[in-house]
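K.L.:
coordinates only, no sequence provided:
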Ligand code: DQA
């Protein structure tokens, strides 16, 4: 299967960005772990980080054409703002898991609402970088 992992704004700074909140693992490390896990089981991983909403939207549209089977998505701050990204996921109908490194529910109230959670297969938050690996396990289980 082909799995797409999408990372929203500011996640390019992982490792140095508020490490007490987001941990010390870099985005490259996260993508590397996911890629290795996929390769081991004969799957393909594609990854994109973008600070631009339209690039994430365009990538979701392309995913449909390419036959991507599952998306793992940390929309970062767009979680709390982006009807456009929600609509893109609904438009393509590709199942996805929403991931957050931090436990958004223990943070500011503006982080408690997500435009994605009610249309996601599942949501993982507060488990740091491990959350992506758990999401990948769950995605591969769902596809099996
Ligand atoms: C985040 C949580 C969001 O509220 C925040 O805007 C982020 C990262 C997380 O992974 O914990 O940029 O999605």
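P.N.:
That came in fine, so what should we check first? This is a predicted model, so every value here is computed, not measured.

K.L.:
are we agreed that residue 9 is in a strand?
P.N.:
No: assessed with DSSP: H, G, I helix; E, B strand; the rest coil, residue 9 is coil; it does not lie in a strand.

K.L.:
neighbours around it, how many?
P.N.:
16 (other C-beta atoms under 10 Å). Any C-beta I mention is one placed from the backbone N, CA and C, and that applies to glycine too.

K.L.:
try the one 4 residues further on
P.N.:
Other residues lying near residue 13 total 14 when counted by other C-beta under 10 Å.

K.L.:
beyond the lowest-mean-pLDDT helix or strand in the chain, next helix or strand please.
P.N.:
Using mean pLDDT, DSSP states H and E, the weakest-scoring helix or strand in the chain turns out to be helix 19-22, at a mean of 91. The helix or strand immediately downstream of helix 19-22 is helix 27-40, counting by DSSP states H and E.

K.L.:
tell me the buried residues in that following helix?
P.N.:
27, 30-31, 33-35, 37-38 (16 or more other C-beta atoms under 10 Å).

K.L.:
show the contacting residues for residue 97.
P.N.:
Shown in contact with residue 97 (C-beta atoms under 8 Å, 6 or more residues apart in numbering): 70-73, 120-124, 135, 138-139.

K.L.:
just the buried ones from these, in PyMOL syntax?
P.N.:
For the buried members of the contacts of residue 97, the matching PyMOL selection, counting by 16+ other C-beta under 10 Å, is:
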select buried, resi 70+71+72+73+120+123+124+135+138+139
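
K.L.:
which of the contacts of residue 97 sits closest to residue 91?
P.N.:
residue 71 (12.7 Å; C-beta to C-beta).

K.L.:
show me the shaky parts of this protein.
P.N.:
Along the chain, the model assigns pLDDT under 70 to no residue.
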